[in-house]
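1. here's my sequence, what's the structure:
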Amino acid sequence: MHKTDDTAAIRLSLPDEAATLALGAKLADLLKPGWVVYLRGDLGAGKTTLVRGILRALGYAGRVKSPTYTLVESYDLSRFILQHYDLYRMMDPREWLDAGFRDDCNAGTLCIVEWPEKARGLLPRPDLEIFLEMAGEGRTARIEALSAQGRKELHAWQGFDS
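-> Numbers count the residues shown, from 1 in each chain. Okay, here's the model as predicted:
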């Protein structure tokens, strides 16, 4: 794993699924209720695998599935509720509002949103944005902090090798 020179962003190499799950576990220590996290990446880039790693580290032992067909999977955890959205199938940004999701992202909920561009202009501003890209047999991850709280936590985060 490598830290970039940009102090508000981290770039990591994820050689396999285990590394993606491990990154999710490390992110679990960083993420806070009330935060919004955007996940970006092509189909198969590991977005749901990353969320699975987060959930496992937060104590969730049940099945973690992609919300591609349900649009959202909700997990009531001991510390907060995690809402995992997959907006891939949305055809119009207003579907976010029509589905009643706007009120779901609140102080007691961590909202993780795949394909956030599908609800462009209607989603809350993210605290973190995570980009996953294919890199040979593995993946690369770039984590960017986009809020003051996100920058503060990312600067303090020791969950990566420098």
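
2. please make it C-alpha for all contacts and neighbour counts, starting now.
-> OK.

3. contacting residues for residue 62?
-> With Cα atoms under 8 Å, 6 or more residues apart in numbering as the criterion, no residue contacts residue 62.

4. could you look up the SS state of it?
-> The assignment at residue 62 comes out as coil when based on DSSP: H, G, I helix; E, B strand; the rest coil.

5. where does residue 10 fall, secondary structure wise?
-> Using DSSP states H and E, residue 10 sits within strand 9-14.

6. can you check which helix is longest in the protein?
-> In the chain, taking DSSP state H as the definition, the longest helix is helix 17-30.

7. mind jotting down where the strands sit in the chain?
-> Assigned by DSSP state E, the chain shows strands spanning 9-14, 36-40, 72-76, 81-86, 109-114, 128-135, 138-145.

8. so what strands line up beside the last one?
-> What that stands for is strand 138-145. strand 9-14 (antiparallel), strand 128-135 (antiparallel) (DSSP bridges).

9. please export the C-alpha coordinates of the longest one as PDB.
-> The reference is to strand 128-135. C-alpha atoms of strand 128-135 as PDB (Å, rounded to 0.1, in the frame of the first residue of the first chain):
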ATOM      1  CA  LEU A 128     -15.100  10.400   1.300                       C
ATOM      2  CA  GLU A 129     -15.000   9.300  -2.200                       C
ATOM      3  CA  ILE A 130     -13.400   5.900  -3.000                       C
ATOM      4  CA  PHE A 131     -12.400   5.000  -6.500                       C
ATOM      5  CA  LEU A 132     -11.700   1.300  -7.300                       C
ATOM      6  CA  GLU A 133     -10.100   0.300 -10.600                       C
ATOM      7  CA  MET A 134      -9.000  -2.900 -12.200                       C
ATOM      8  CA  ALA A 135      -5.200  -3.300 -12.200                       C
END
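
10. dump the strands paired with strand 138-145 to CSV, plus distance to residue 94.
-> Below are the strands paired with strand 138-145 laid out as CSV (distance: least, Cα to Cα, whole Å):
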stretch, distance to residue 94
strand 9-14, 31
strand 128-135, 22
